[in-house]
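> take this sequence and fold it.
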Amino acid sequence: MGEDSVDRGSVALFGARLGGSAVGFASTVYFARELGASGLGVYFTFETVVVLVAVLVRFGVDSAVVQRLASAADDAERARHLTGAFALVAVPLTLVAAAVLLFADAFSSLVGLAVAPLVVAVIAVETGQWLLLSALRGERRLATSAGLELGGELARVGASVWFVVGGAGPIGLVYGLLIGHAVRVLAALLLLDTGFAIPTRETFHSLLSFSTYTAGMNVSHLAYSWLDTLVLALFVSKSAVGTYEAAWRVSLVVAMASSAVGASLSPTVSAWASSDAYGRIETAVTESLSLGLVLVVPAVVGAAVLGGPFMAIAYGFGGGALLAVLVAGQLAQSVKDVVQSTLLGLDRPRAVFVTNAVGLGANLVLTVGLALAYGPLGAAVGTALTAGVAAALQWHALSALIDLRVDWHGLAVQTGAALVMGVVVFAGSRVVVPDSPASLLALVALGGVTYAACLGVHPPTRARVVGLARPDGES
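Prediction:
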């Protein structure tokens, strides 16, 4: 498996996530208009609670599954690791379920709905979903896992729309979330090559030795992704949650390239490291950094120019400055996606744990403090700063292991193309005022064409994009 396989696996996952995000965005626009910012905030609060509690159940085992299956010697070893992973999460899942049901009133008060049994159900199905998708990635079947991600999102949105049309309100979105996860679990069980086998003591030790550190990584990631929302839900309002999460999910779209690159890079780096192919790892990291930022750089410029009109037209409420800050924060997060995945592939979970622990501390101070002081915009600034701290720490950790090189020329081309795009779009907005969906889409399309045309004059970038389009089977 070479660098082009990393690219192709990344593209498969990115394409699926882009499609899923497009569907998710369209549904969020619909739900925002049907339920309002407050109704949307109720669902986002439920999802925040589920995701934060679910990390206690998985404690990094899903990340361990990717690495251990990718480096396993044979099918039997893979089967033992997958079975061991399910066994490891069974006890914390039981304890968490009991705690949620015991404190059902508190959960219902936080969310705004009587949802404790649904919290337990969604956590259980989500845990199985991520273990099985991680197993597919450990088999280096990125395209398959990507397809399941997209299929589950389509099922979630379809079910949610059906319930909302039927008058279910915010609880309909919860039912849709449960159905989407269940679809992924059933499909993954049918498609997974790895079977199940009785794990050994060594199996559990292998998984725990890795997950003990990656649990800290997951806690830090979830705090980065969800702590701000939880603080807003507790101390501000459900309306603030709805506005913030709507902007946040748009910002995540621009970082999908780096996220997909990272998901593809980790198992591949693991395989290369086992054969001492460190030169290939260094080359792949350099190219992955450029690929991971290819959408983020223009998105920062685009959000600065069109963020306000976009939020007003798409959702019917403000948040342009909020969106611009959140998108800018994805620059650092994109670098972190690539660097962290490389560290995990090199079997350095301790370095990931330490850097994320420091990042978690920064997150608690910056995000919570700024959110309490300045509301959603303060939360966004704190989140962006936290990503920068974590990315810098992990870059330092990885530089001690391999020769890190940045393609400064390629990044300069991307930045220049984005600035040209920004000027063209700003000038266009003076002629075509972005006050309707049609005019906004026209300006976005103008920006996309301009950026692509500018990148096209750079031969290495053009050659790489053409190379990604060549069929080469599943990665």
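> which SSE is Val269 in?
helix 256-274 (DSSP states H and E).
> buried set for the very next helix or strand once past that helix?
Of the helices and strands lying after helix 256-274 in sequence (DSSP H and E), the nearest is helix 278-292. Of the residues in helix 278-292, Arg280, Ile281, Glu282, Ala284, Val285, Thr286, Glu287, Ser288, Leu289, Ser290, Leu291, Gly292 count as buried by neighbour count, 16 or more other CB atoms under 10 Å. The way it works is simple: take the backbone N, C-alpha and C, and place the C-beta from them, glycine included.
> adding pLDDT and distance to Val241, write these out as a markdown table.
As requested, the buried residues of helix 278-292 are arranged in a markdown table below (pLDDT from 0 to 100; distance: CB to CB, whole Å):
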| residue | pLDDT | distance to Val241 |
| --- | --- | --- |
| Arg280 | 79 | 44 |
| Ile281 | 79 | 41 |
| Glu282 | 80 | 42 |
| Ala284 | 79 | 39 |
| Val285 | 79 | 37 |
| Thr286 | 81 | 39 |
| Glu287 | 78 | 38 |
| Ser288 | 78 | 34 |
| Leu289 | 81 | 33 |
| Ser290 | 78 | 35 |
| Leu291 | 77 | 33 |
| Gly292 | 76 | 29 |
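> could you dump those residues to TSV with distance to Ala188?
Shown next, in TSV, are the buried residues of helix 278-292 (distance: CB to CB, whole Å):
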residue	distance to Ala188
Arg280	30
Ile281	29
Glu282	33
Ala284	27
Val285	29
Thr286	33
Glu287	30
Ser288	26
Leu289	30
Ser290	32
Leu291	27
Gly292	26
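> ok, so of these, who is nearest Val424?
Using CB to CB, Ser290 is the member of the buried residues of helix 278-292 that lies nearest Val424, at 22.8 Å.
> doesn't His409 make contact with that closest one?
No. Between Ser290 and His409 there is no contact under CB atoms under 8 Å: 9.6 Å.
> name the residues contacting each of those two.
Residues touching both Ser290 and His409 (CB atoms under 8 Å, 6 or more residues apart in numbering): there are none.
> low-confidence ranges in the stretch 1-150 of the chain?
Applying pLDDT under 70 to the stretch 1-150 of the chain picks out residues 1-20.
> ugh, typo on my part, it should be the stretch 201-350 of the chain
212-226, 256-267, 318.
> how about the helices of it, start to end?
201-222, 228-235, 238-254, 256-274, 278-292, 296-315, 320-345, 349-399 (DSSP state H, counting those that start in this stretch).
> and the last one, what other elements does it pack with?
Which is helix 349-399. Using 3 or more CB pairs under 8 Å, 6 or more residues apart in numbering; DSSP states H and E as the contact definition, the elements that helix 349-399 packs against are helix 201-222, helix 228-235, helix 238-254, helix 320-345.
> for the shortest one, buried residues please.
Neighbour-count burial for helix 228-235, counted by 16+ other CB under 10 Å, picks out Asp228, Thr229, Leu230, Val231, Leu232, Ala233.
> dump the helices and strands packed on helix 349-399 to CSV, plus distance to Ala418.
Shown next, in CSV, are these (distance: least, CB to CB, whole Å):
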stretch, distance to Ala418
helix 201-222, 27
helix 228-235, 26
helix 238-254, 11
helix 320-345, 11
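> so which of those is the most surrounded?
The highest average neighbour count among these, using mean count of other CB atoms under 10 Å, belongs to helix 320-345 at a mean of 26.
> burial of the closest residue in space to Val325 that isn't next to it in sequence, as a residue count?
Nearest-residue entry for Val325: Ala380, 4.2 Å, with adjacent residues in sequence omitted and distances by CB to CB, 6 or more residues apart in numbering. Residue neighbour count, defined by other CB atoms under 10 Å, stands at 29 for Ala380.
> what of Val424?
Neighbours around Val424, by other CB under 10 Å: 19.
> now do the one 3 residues further on
Under the neighbour criterion other CB under 10 Å, Ala427 is assigned a count of 10.
> from Val23, how far out is the residue nearest to Val325?
Ala380 sits 25 Å away from Val23, going by CB to CB, to the nearest Å.
> check Val433 too.
29 Å.
> ok, those two, which is more surrounded?
Val23 (16 against 12).
> and the more buried one, what element?
helix 3-58.
> what's the first helix or strand after that helix?
Past helix 3-58, the next helix or strand by DSSP H and E is helix 61-70.
> Gln333 contacts Val389, correct?
No. Between Gln333 and Val389 there is no contact, the gap being 11.3 Å when judged by CB under 8 Å.
> ok now do the nearest residue to Leu227 once chain neighbours are set aside, which residues does it touch?
Closest residue to Leu227 apart from its sequence neighbours, by CB to CB, 6+ apart: Thr367 at 5.6 Å. Counting by CB under 8 Å, 6+ apart, Thr367 touches Ala223, Leu227, Asp228, Val231, Ala379, Gly382, Thr383, Thr386.
> list the contacts for the third one?
So the one you mean is Asp228. Tyr244, Thr367, Ala371, Ala379, Ala380, Gly382, Thr383.
> ok, now which ones touch Leu443?
Shown in contact with Leu443 (CB under 8 Å, 6+ apart): Leu306, Val425, Gly428, Ser429, Val432, Pro434.
> most neighbours among these, which one?
Val425 (25 neighbours).
> buried sites along the strand or helix carrying it?
Applying DSSP H and E as the criterion places Val425 in helix 408-431. By 16+ other CB under 10 Å, the buried positions in helix 408-431 come out as Gly410, Val413, Gln414, Ala417, Ala418, Val420, Met421, Gly422, Val424, Val425, Gly428, Ser429.
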